[in-house]
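A.B. asks: Quick one, what's the 3D model for this:
(one chain, ligands or ions: 1)
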Amino acid sequence: MLAATLTWTRRLAAEQAPTEPRALAFRNLHTGEEVDVVYRADGQVDHGALREIDWVLRDFRTGEARPMDQRLLDLLWRLRVTLDTTAPYEVISGYRSAATNAMLARESRGVSRVSLHMKAMAIDVRLPDRPLMAVRDAALGLRRGGVGYYPASDFVHVDVGRVRWW
Ligand SMILES: [Zn+2]
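C.D. replies: Predicted structure coming up:
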């Protein structure tokens, strides 16, 4: 109860402080690369920090990076605040080129041919210090887009498309 109250208080504080620095951290499980940056402070986006994030979240198969949708970054920032953690997201898949997505879709029925990963609007992640179900439930609670739960593969897909879940 106390933990829930603290989390709620923290979330309210974040909602009400638009100038609060927004930090994100990622570890790409395919490349081993990590990034831990403040991407927004004093209401200003740090474009250097965004480029660092884009690079770690690139299509590691082809080396292509795209600017990740800032709504997705804000969703991920708020998700960590909600879950009261500063652990890095462990990234299974961020941006995907059309070629990579087509290859993955051929190999797995779980991969959409019109995936929002190709628009840099989706990411597959887990948090090392939170149960996967907690990440899913928190993402569902934000109602900012799609949430897919993949316990067998140990990740949650979040995107900033329509609100939906599977
Ligand atoms: Zn996904």
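A.B. asks: now the strands for this protein?
C.D. replies: In order along the chain, the chain carries the following strands (DSSP state E): 22-28, 34-41, 44-45, 89-93, 122-126, 146-150, 155-159, 164-165.
A.B. asks: residue contacts, residue 120?
C.D. replies: Residue 120 makes contact with 54, 57, 66-69, 72, 94-95, according to CB atoms under 8 Å, 6 or more residues apart in numbering. (Each C-beta comes from the backbone N, C-alpha and C, glycine too.)
A.B. asks: rewinding a little: with distance to residue 111 and mean neighbour count added, can I get the strands of the chain in CSV?
C.D. replies: As requested, the strands of the chain are exported to CSV (distance: least, CB to CB, whole Å; neighbours: other CB atoms under 10 Å):
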stretch, distance to residue 111, mean neighbour count
strand 22-28, 18, 20
strand 34-41, 25, 17
strand 44-45, 31, 10
strand 89-93, 9, 22
strand 122-126, 10, 23
strand 146-150, 11, 18
strand 155-159, 10, 26
strand 164-165, 16, 12
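A.B. asks: Let's have those strands in TSV, adding distance to residue 135 and mean pLDDT.
C.D. replies: Shown next, in TSV, are the strands of the chain (distance: least, CB to CB, whole Å; pLDDT from 0 to 100):
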stretch	distance to residue 135	mean pLDDT
strand 22-28	14	98
strand 34-41	19	97
strand 44-45	25	94
strand 89-93	9	98
strand 122-126	7	98
strand 146-150	9	97
strand 155-159	5	98
strand 164-165	13	96
